[in-house]
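A.B. asks: Here's a sequence, model it:
(one chain, ligands or ions: 2)
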Amino acid sequence: MLPQRVQRKIRFEYRQARVAGDCWVWAGAIDKKTGYGRVQMDRSSKYVHRVVYEALAGAIPGGLHLDHLCRIRECCNPAHLEPVTPKVNSERGEAATKTHCPQGHPYSGENLRVWTDKRGYAHRICRTCNIQAAKEWKAKRAVAKEMAA
Ligand SMILES: [Zn+2]
Ligand SMILES: [Zn+2]
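C.D. replies: Residues are numbered from 1 along each chain as shown. Ligands and ions are numbered 1, 2, ... in the order given. All right, here's what the predicted structure looks like:
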């Protein structure tokens, strides 16, 4: 069970369309560095989303981080949280906050393609790089054909 004092500080708000259901937005203290909610539990300060997840969904396997599928860091809805390895978590986070592709083209307007995978994650694709990659692939294939001929 989740302690009353924790429950009282959670607001249910529609914040995004990425995952079904409202975000459980923490109205208490927010960690300035990480943006995650914090709460005093057993005389120490803990991350709210971890406390809520463990109380309602179960233990988090050792060494795993909880990834916010909704990308709302103050959210502690267990349905929006998924235990992942730290590596996956930082890769997903970076992908969501980058404004440009590795070649410096903007992830916006005409240049932005969004592709949603089977699990419902949105991936951003740079149109310029995508076209370039297709051209290079065709060129390579042409060379390979010539060499084979
Ligand atoms: Zn959420
Ligand atoms: Zn690009």
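A.B. asks: which stretches of this protein aren't confidently modelled?
C.D. replies: In the predicted model of the chain, residues 94-96, 118-121 satisfy pLDDT under 70.
A.B. asks: Quick check: residues of it near ligand 2?
C.D. replies: Remark: the part of the chain in contact with ligand 2 comprises 101, 103, 105, 126, 128-129, using CB under 5 Å from the ion. For every residue, glycine as well, the C-beta is placed using N, CA and C.
A.B. asks: By neighbours, which of those residues wins?
C.D. replies: Of all the residues of the chain next to ligand 2, the most densely surrounded is Cys126 (20 neighbours; neighbours counted as other CB atoms under 10 Å).
A.B. asks: Spatially nearest residue to that one, not counting backbone neighbours?
C.D. replies: Cys101 (3.6 Å; CB to CB, 6 or more residues apart in numbering).
A.B. asks: and Ile131, what helix or strand is that in?
C.D. replies: Element membership of Ile131 [criterion: DSSP states H and E] is helix 127-148.
A.B. asks: again, but for Lys33
C.D. replies: Lys33 belongs to no helix or strand when assigned by DSSP H and E.
A.B. asks: In contact with Val39, which residues?
C.D. replies: Neighbour list for Val39: 6, 9, 26, 28-29, 45-48, 51 [criterion: CB atoms under 8 Å, 6 or more residues apart in numbering].
A.B. asks: same deal with Asp42?
C.D. replies: Counting by CB under 8 Å, 6+ apart, Asp42 makes contact with nothing.
A.B. asks: With Met1 instead?
C.D. replies: Taking CB under 8 Å, 6+ apart as the definition, contacts of Met1 comprise Ala55.
A.B. asks: what's the spacing between it and Leu56?
C.D. replies: In this view, Met1 and Leu56 are 9 Å apart by CB to CB, to the nearest Å.
A.B. asks: now Cys101
C.D. replies: Using CB to CB, one gets 38 Å for the distance from Cys101 to Leu56.
A.B. asks: This structure: strands as residue ranges?
C.D. replies: Taking DSSP state E as the criterion, the chain contains strands spanning 10-13, 23-26, 38-41, 44-47, 65-68, 81-84, 112-116, 122-126.
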